[in-house]
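[1] requesting a structural model of the entry that follows:
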Amino acid sequence: MQFHFYKYQGTGNDFIIADNRKNEYSSLTTGQIHHLCDRRFGIGADGLMLLNEKEGYDFEMKYYNADGKEGTMCGNGGRCITKFAYHLGIHREVYHFLAADGPHEAEIDMNGIVSLKMKNVDVIKKFQGDLVLNTGSPHYIKMVRNVMDIDVYKKGHDIRYSREFSEEGINVNFVEQTENPNKIIVRTYERGVEDETYSCGTGVTAAALVSYHNENGFNDIEVKTLGGTLTVEFDRFDDERYENIWLCGPAEKVYEGAIEIK
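    Below you'll find the model as predicted:
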């Protein structure tokens, strides 16, 4: 089978995307997806997405991790597939699509910046001095100093495969608060990729929520990742309730091509 694909990236978080509105690629196996995402023997990516038809929505986002298994919500993936939909000729002022964690909205501004509305968050748990929350995918937040000196692979791997999290897995984020209360630096070990990625949208969102500067009201947090800068805007209410959460940043097409899948 010949697989026609597009490569997109959002602050270095890169994805293989295919137009699956005719169900040409619905039979892809876990092994095939894993091979396609392999950076030495395949195309290479942090994940693969299929853009599907979905009644009542502009499209459906089907996301697979680099290990070939179907994944939960991917924030940067959601922004990239929105830009992909635009390039396919699906033009909307506000996009409405369905992902693993439910409906989402997205917008593209005149500069090409894609803003994705994330799910509300109302539960943040404390765990051994750190924090755990779900922003469409489960995330572990550890506040650190000098985040660029952290061995993210080793420390992230140890937490992700610890007794408490090994069964379902968890994404591990190391977060440094800068001198500016509105800016943080985040590095993320992603489950499914099983390594550090250049950026993680749901991780950036989780890190921003716990780094708020306004106790109640509107917050706007700038987040630096290895692959670039994202912005997270949200409203914080009492009892750790966060709503109107928007993940904003660039999403770019890198190239397109075709590969034979055996």
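
[2] can you check the pLDDT for residue 239?
    With respect to pLDDT, residue 239 scores 69.

[3] would you map the helices across the stretch 1-150 of the chain?
    For the stretch 1-150 of the chain, helices defined by DSSP state H, counting those that start in this stretch occupy the ranges 30-37, 75-87.

[4] redo these as JSON lines? Include mean neighbour count.
    The C-beta positions use only the backbone N, C-alpha and C, and glycine is treated the same way. Shown next, in JSON lines, are the helices of the stretch 1-150 of the chain (neighbours: other C-beta atoms under 10 Å):
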{"stretch": "helix 30-37", "mean neighbour count": "18"}
{"stretch": "helix 75-87", "mean neighbour count": "26"}
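
[5] ok, which of those helices comes nearest residue 14?
    Of all the helices of the stretch 1-150 of the chain, it is helix 75-87 that lies closest to residue 14, at 8.5 Å by C-beta to C-beta.

[6] and that closest one, how far out from the chain middle?
    Centre-to-centre, helix 75-87 and its host chain are 11 Å apart (C-alpha atoms, centre = their mean, to the nearest Å).

[7] same question, stretch 205-212
    14 Å.

[8] looking at the helices of the stretch 1-150 of the chain, spot the one closest to residue 136.
    Per C-beta to C-beta, nearest to residue 136 of the helices of the stretch 1-150 of the chain: helix 75-87, 6.8 Å.

[9] give me the contact list for that closest one.
    Helix 75-87 has contacts (C-beta atoms under 8 Å, 6 or more residues apart in numbering) with 6, 8-11, 13, 15, 17, 47, 49, 51, 58-59, 61, 63, 95, 97, 99, 104, 106, 108, 112, 114-116, 118, 135-136, 199-205, 247, 249, 251-253.

[10] one step back: tabulate the helices of the stretch 1-150 of the chain (CSV), appending distance to residue 188 and mean pLDDT.
    Formatted as CSV, these follow (distance: least, C-beta to C-beta, whole Å; pLDDT from 0 to 100):
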stretch, distance to residue 188, mean pLDDT
helix 30-37, 17, 98
helix 75-87, 11, 98
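
[11] would you check that residue 88 makes contact with residue 19?
    Yes - applying C-beta atoms under 8 Å, one finds residue 88 in contact with residue 19, separated by 6.2 Å.

[12] between those two, tell me which one has more neighbours.
    residue 19 (18 against 14; other C-beta atoms under 10 Å).

[13] can you tell me which residues contact that one?
    Neighbouring residues of residue 19 by C-beta under 8 Å, 6+ apart: 4, 6, 51, 88.

[14] measure it to residue 59 for me?
    Going from residue 19 to residue 59 by C-beta to C-beta, to the nearest Å gives 9 Å.

[15] overlap in contacts, those two.
    residue 51.
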